[in-house]
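Enquirer: show me the folded form of this:
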Amino acid sequence: MTVCSSTERVKAGPGVNAAEGVVRWRPGKSLWVAAMTLVGVVGAPFTFSAEALALFLVTTAVTICAGHSVGMHRLLIHRSFKTPKALEYLLVWLGVLVGMAGPFGMIRAHDLRDWAQRQRACHDHSSHGRPFLTDAFWQMHCDLDLKRPPRLEIEAEVRDDPVYRFFERTWMLQNLALAVVFFAIGGLAWVVWGVCLRVAVSLTGHWLVGHFAHRRPSGKWYVAGACVQGFNVPFAALVTFGESWHNNHHAFPGSARLGLEKGQADPGWWMILVLRALGLAWDIRTPTTLPARADLHRLPPDHTAADRTREGFSGTLGSSHAELS
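Expert: This is a model prediction of the structure:
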């Protein structure tokens, strides 16, 4: 019997299994995604203007970079740096506006998936292991119900925070409230481009990057014993604000910096550096300050990225203190 290991938030007791489960359609999640996509795609051509396009580009960049990448992912989920509480709330709120889930829902989806990928075997839903269209439907319209799931323990400082509890209860309403404001300022076009199309593109883009970041071998790091490896998606680095350096992230999940090698653009990291310069970010964690990992290997120069997926691969031992170019 395979014994599952635990992570910081996910506790795997006896009998827990990451591979056995059923993918179920979630009506609320599915209708939310479908409604945003339908209104955004159908309405965009009829409401187009230079002003609406500019609103779409600005709001998408702010919510994805400051909100999802910096606030929700690097700060709330991984605690890779610290910032004043008011700024933390603002960044996480911007992440809520991306439209995927509230703060607890994001932690739950992220940590359970990452936990599963670190086991010896996991379900195809956790690994993006099904064909393109099936994976799209599973990830954006369904959830995985494990037969014998682990226990998720969100730390009390987050779980009991009244602001985060409010965000969790109202995460869909946050975008609807924004839609009211946008309608008052710019009419229907601002709602279509600044809310519906933005959310639809953000959700679809998040799935696309996740799909390719677990299926297209690229990168220099291999995590021994993990059934799923993360792969870099270089062409998406700028539009994801650094989130597509997923091989690096699997190697150093606690790092605030995702673009680790020379030429790996990481706008989310650049934002954190600006915050640090302003005295608004501190205790920033990077590979050079993280504890060494015994299971982390750096691929030798003569190995292709595909080599890492071969069972029994033995690369050069790496750690969080490994030299990065």
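Enquirer: for the stretch 201-325 of the chain, which spans come out with low pLDDT?
Expert: 302-325 (pLDDT under 70).
Enquirer: which parts of the stretch 201-325 of the chain are strands?
Expert: Assignment of strands within the stretch 201-325 of the chain using DSSP state E, counting those that start in this stretch yields the ranges 221-223, 296-298, 316-317.
Enquirer: point out the most buried one among those strands.
Expert: When neighbours are counted by mean count of other CB atoms under 10 Å, the highest per-stretch mean among the strands of the stretch 201-325 of the chain falls to strand 221-223, a mean of 24. No exception for glycine: its C-beta is placed from N, CA and C like everyone else's.
Enquirer: and it, what does it pack onto?
Expert: Judged by 3 or more CB pairs under 8 Å, 6 or more residues apart in numbering; DSSP states H and E, strand 221-223 is in contact with helix 246-251, strand 296-298.
Enquirer: in JSON lines, list these along with distance to Lys262.
Expert: Compiled in JSON lines, the helices and strands packed on strand 221-223 are given as follows (distance: least, CB to CB, whole Å):
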{"stretch": "helix 246-251", "distance to Lys262": "13"}
{"stretch": "strand 296-298", "distance to Lys262": "15"}
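Enquirer: excluding its backbone neighbours, what's nearest Gly21?
Expert: Sequence neighbours aside, Leu146 is the residue nearest to Gly21 in space, at 3.9 Å (criterion: CB to CB, 6 or more residues apart in numbering).
Enquirer: quick one: the one you found and Asn17 touch, right?
Expert: Yes: taking contacts as CB atoms under 8 Å, Leu146 lies within contact range of Asn17: 6.8 Å.
Enquirer: how long is stretch 60-68 from one end to the other?
Expert: 10 Å (CA to CA, to the nearest Å).
Enquirer: use 25 as the first number from now on
Expert: Got it, first residue is 25 now, which makes that one stretch 84-92.
Enquirer: show me where the stretch 225-349 of the chain has helices.
Expert: 270-275, 291-301 (DSSP state H, counting those that start in this stretch).
Enquirer: domain assignment for the protein?
Expert: For the chain, automatic domain parsing gives the domain ranges 46-236, 240-289+311-349.
Enquirer: give me the distance from the first one to the chain's centre.
Expert: Translated: domain 46-236. Here domain 46-236 is found 9 Å from its chain centre; the criterion is CA atoms, centre = their mean, to the nearest Å.
Enquirer: the closest residue to Val34 other than its chain neighbours: helix or strand, and which one exactly?
Expert: Using CB to CB, 6+ apart and skipping residues adjacent in sequence, the residue nearest Val34 is Trp139, 4.0 Å away. According to DSSP states H and E, Trp139 maps onto helix 127-141.
Enquirer: where does the residue nearest to the spatial centre of the chain land on pLDDT?
Expert: For the chain, His97 is the residue whose C-alpha lies nearest the centre (CA atoms, centre = their mean; 5.9 Å). At His97, the pLDDT value in this model is 98.
Enquirer: surely it is in a strand?
Expert: No: per DSSP: H, G, I helix; E, B strand; the rest coil, His97 lies outside any strand segment and is helix.
Enquirer: show me what contacts it?
Expert: Contacts for His97 were tallied using CB atoms under 8 Å, 6 or more residues apart in numbering; they are Gly119, His134, Glu267.
Enquirer: and it, how close does it get to Gly278?
Expert: 12 Å (CB to CB, to the nearest Å).
Enquirer: backbone dihedrals for the nearest residue in space to Ala85 that is not next to it in sequence, please?
Expert: Among residues not flanking Ala85 along the chain, Phe265 sits closest, at 7.8 Å (CB to CB, 6+ apart). Dihedral pair for Phe265: phi 60, psi 40, per degrees, to the nearest 10.
Enquirer: got a list of what Phe265 touches?
Expert: Residues counted as contacts of Phe265 (CB under 8 Å, 6+ apart) are Ala85, Ile88, Cys89, Ser93, Val94, Asp290, Pro291, Gly292, Met295.
Enquirer: now that we have those, which of them are buried?
Expert: Ile88, Cys89, Ser93, Val94, Asp290, Pro291, Gly292, Met295 (16 or more other CB atoms under 10 Å).
Enquirer: what's the closest of these to Leu77?
Expert: Ranking those by separation from Leu77, with CB to CB as the measure, puts Ile88 on top at 16.3 Å.
Enquirer: so that closest one sits in a strand?
Expert: No: secondary structure of Ile88 (three-state DSSP): helix, not part of a strand.
Enquirer: how far away is it from Ser30?
Expert: 31 Å.
Enquirer: what does Leu197 give?
Expert: As for Leu197, its distance to Ser30 is 34 Å (criterion: CB to CB).
Enquirer: now swap in Arg132 and tell me
Expert: Distance, Arg132 to Ser30, by CB to CB: 15 Å.
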